[in-house]
Structure formats: C-alpha cells, structure tokens
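Participant: Sharing a sequence plus its predicted fold:
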Amino acid sequence: VQLVESGGGLVQAGGSLRLSCAASGITFSLNTMGWYRQAPGKQRELVASITNGGRTTNYVDSVKGRFTISRDNAKKTLYLQMNSLKPEDTAVYYCNARQILISSIEHWGQGTQVTVSS
C-alpha cells in the first residue's frame, strides 16, 4: 500500500496550493479519505475528510471556506485545494485512507511540507 502526497511547498500568505495524494495497493473507492496536518509542537489534526463516493465532506472550522477536498476514484487520487493560505496553515500535511468496512484498517502517506510565509 502506498499513499504518495505531492504539491507542498513555500507560499506567501494569501496564496494557494493544491495537494495531491496518489493511492496504490488499496481499493480506493472503499476508503474514506482525509487530510491531516501536524505543526511543530502540536498534535496531528484532521483538516478535511471525504466519504468514499465523494458525496460528503467535512472540514475543521479553521479552514472552512478556504480549503476544498475532492477525489477522483478513477485515478485513485485525493486532492486538497488550499486558498487564502495563512501562516498558521504551516504544517506537514498527511493523506489518510480508512476502510469503510473495517474502520480500524487505515494507511498514511509520508507527508508533504506546506510553509506559508507572512
């Protein structure tokens, strides 16, 4: 199983980035997908999630209206469009896959660094 994130980088406040997570080795359409982030000295937090069919999304309050999670099941890829970035969005962003049938089975990507300068 591999979840490979890409698209992170350094951006100025107010800018945008689009993260991608390419999945292999799993039945992508049978997984709820999520983006988590972890800033230095802080706990990992769930940023956004999307159900296996893509109908339902959820966001942490701090990113609502700025971030959009989406998925392409045919391409086995998860996305996170991040607009109006703020310095407090700086963190390592991780892709997560959780099976809908056995929720205890989950997989993580290696993470991608997002740095927002003020």
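Facilitator: That came through fine. Since the structure is predicted, the reported quantities are computational estimates derived from the model, not experimental observations. Numbering: from 1, shown residues only.
Participant: Note down every partner strand of the host helix or strand of residue 5 and its orientation.
Facilitator: Following DSSP states H and E, one finds residue 5 within strand 2-6. Partner strands and pairing direction for strand 2-6 (DSSP bridges) are strand 17-24 (antiparallel).
Participant: now the strand it pairs with: mean pLDDT?
Facilitator: For strand 17-24, mean pLDDT rounds to 98.
Participant: what about the closest residue to residue 13 other than its chain neighbours, distance to residue 87?
Facilitator: Excluding its sequence neighbours, the residue lying closest to residue 13 (C-beta to C-beta, 6 or more residues apart in numbering) is residue 118, at 5.3 Å. Where C-beta positions appear, they are placed from N, C-alpha and C, glycine not excepted. Using C-beta to C-beta, to the nearest Å, residue 118 is found at 5 Å from residue 87.
Participant: Need the overlap of contacts for these two.
Facilitator: Shared contacts of residue 118 and residue 87, defined by C-beta atoms under 8 Å, 6 or more residues apart in numbering, are found at residue 13.
Participant: Just the buried residues of the helix or strand just after the strand holding residue 5, please?
Facilitator: Next helix or strand after strand 2-6 toward the C-terminus (DSSP H and E): strand 9-12. By 16 or more other C-beta atoms under 10 Å, the buried positions in strand 9-12 come out as residue 11.
Participant: Next: stretch 90-99.
Facilitator: For stretch 90-99, using 16+ other C-beta under 10 Å, the buried residues are 90, 91, 92, 93, 94, 95, 96, 97, 98, 99.
Participant: what does stretch 24-34 contact?
Facilitator: Here stretch 24-34 has contacts from 1-2, 4, 21, 23, 46-53, 69, 71, 73, 76, 78, 95-101, 107, using C-beta under 8 Å, 6+ apart.
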